[in-house]
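A.B. asks: below: sequence and its predicted model.
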Amino acid sequence: MSDTAFDSSVYPLPHLLGIEGLSPVDISLFLDRADTYVEMNRKRGVMLDTLRGRVVINLFFENSTRTRTSFELAGKRLGAEVINMSVSTSSIKKGETLIDTAMTLNAMHPDVLVVRHASSGAVKLLSEKVNCAVINAGDGRHEHPTQALLDALTIRRRRGQIDGLQVAICGDILHSRVARSNIHLLNTMGARVRLIAPKTLLPAEAERLGTEVFYDMKAGLKDCDIVMMLRLQSERMESSFFPTLREYYHFYGLDYEKLESAKPDALIMHPGPMNRGVEIASDVADDIGRSVIREQVEMGVAVRMACLEVLCNNLDRAQGQEHKS
Ligand code: ASP
């Protein structure tokens, strides 16, 4: 696609591994490009050929429904070949290491590897061993950059800007890569971030993340523009972090009573999958006037199209430079 207004060289990196370290210009490049795809994706039957001849491999070592499908659709809408590596039938089960798998796939010359892994840092390690572009689709509790970008696009389209908004991120912050990527992005784009959680579900470095910390939902939600709920990630909990689910819901589950403290037009967000009746009440999650949870899923495809496109353009540029030298 030739598009003079779109200059992907402002994001010069070969991979997208996290939000930490990105500038407002980098972030805006992805958001602006994704914005151009939203309307197109709403029309039936529209497919582009921007990435025709490209191969994208989704390599998911952890379960995923929405992120994997979203990357698959994003690649296909741009005309790429998308291959899904299913972990249950792969050589991972046969004892092959992460790096062996990456090297094997690399030898097949894909353009982009989209990788999800249960260990923080695993995707970066893998990116150092391959010569294609790598996108982090979530590594342990570390980062999930495309989730933060799609959240930002959702907010920006609803509110016109991110700068100056008061955003509350609530719940299991300790185990959440979504929270970490969002904190970096929101701080970089000028929002004020509050974290609301029980002490046991806050990371030790919470105070140093440039956020305000609250242990009480009503106090923390006071006058917030955006309420971002997080899933209670029991698969990452080795011990017990709170007495019972009932008690957790009582103190930290988002219901209409707690929501009253936020601004009357506050947006409700959740990255999914949701534990209804644990971190969020069903009626709040389904409130079409305030919940933008479905919109987040929609924005996910547009954001991932932008990410695939920018990184493929960068691959071409790098190859051009290699040929010149
Ligand atoms: N889908 C998000 C992630 O992969 C959020 C979650 O699982 O709770 O981190």
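C.D. replies: Structure received. Everything numeric here is computed off the predicted structure, so don't read it as measured data.
A.B. asks: can you find the helix or strand in the chain with the smallest mean pLDDT?
C.D. replies: Every helix and strand in the chain was compared by mean pLDDT, DSSP states H and E; the lowest is helix 98-106, with a mean of 87.
A.B. asks: just checking, what packs against that helix?
C.D. replies: For helix 98-106, the helices and strands in contact under the criterion 3 or more Cβ pairs under 8 Å, 6 or more residues apart in numbering; DSSP states H and E are strand 55-60, strand 112-117, helix 122-127. In this view, the C-beta of every residue, glycine as well, is placed from N, C-alpha and C.
A.B. asks: winner for burial among these?
C.D. replies: Among these, ranked by average contacts under mean count of other Cβ atoms under 10 Å, first place goes to strand 112-117 (a mean of 26).
A.B. asks: does any bit of it sit next to the ligand?
C.D. replies: No - Strand 112-117 stays clear of the ligand (Cβ under 6 Å from any ligand atom), getting no nearer than 7.3 Å.
A.B. asks: and that strand, which strands flank it?
C.D. replies: strand 55-60 (parallel), strand 133-139 (parallel) (DSSP bridges).
A.B. asks: quick one: mean pLDDT for the shortest one?
C.D. replies: When the per-residue pLDDT values of strand 55-60 are averaged, the result is 96.
A.B. asks: what parts of this protein come near the ligand?
C.D. replies: Residues of the chain lying close to the ligand by Cβ under 6 Å from any ligand atom are Gly138, His144, Arg177, Val178, Arg231, Gln233, Pro271, Gly272.
A.B. asks: for the chain, which segments are assigned as helices?
C.D. replies: 24-42, 66-77, 98-106, 122-127, 145-159, 177-188, 217-221, 245-252, 256-259, 282-285, 293-324 (DSSP state H).
A.B. asks: which of those comes out lowest on mean pLDDT?
C.D. replies: Lowest mean pLDDT of those: helix 98-106, a mean of 87.
A.B. asks: tell me the contacts of whatever residue of the stretch 51-200 of the chain ends up closest to the ligand?
C.D. replies: At 4.4 Å from the ligand, Gly138 is the closest residue in the stretch 51-200 of the chain, using Cβ to the nearest ligand atom. Listed by Cβ atoms under 8 Å, 6 or more residues apart in numbering, the contact partners of Gly138 are Glu62, Ser64, Thr67, Arg116, His117, His144, Gln147, Arg177.
A.B. asks: ok, Ala262 next?
C.D. replies: For Ala262, the contact set (Cβ under 8 Å, 6+ apart) comprises Ala168, Leu221, Lys222, Asp223, Cys224, Asp225, Val227.
A.B. asks: let's go with 6 Å and repeat that
C.D. replies: Residues in contact with Ala262 (Cβ atoms under 6 Å, 6 or more residues apart in numbering) are Leu221, Cys224, Val227.
A.B. asks: what of Gly220?
C.D. replies: Under the criterion of Cβ under 6 Å, 6+ apart, the neighbours of Gly220 are Ala168, Arg194, Ile196, Phe214.
A.B. asks: that's all I had, so thanks and see you.
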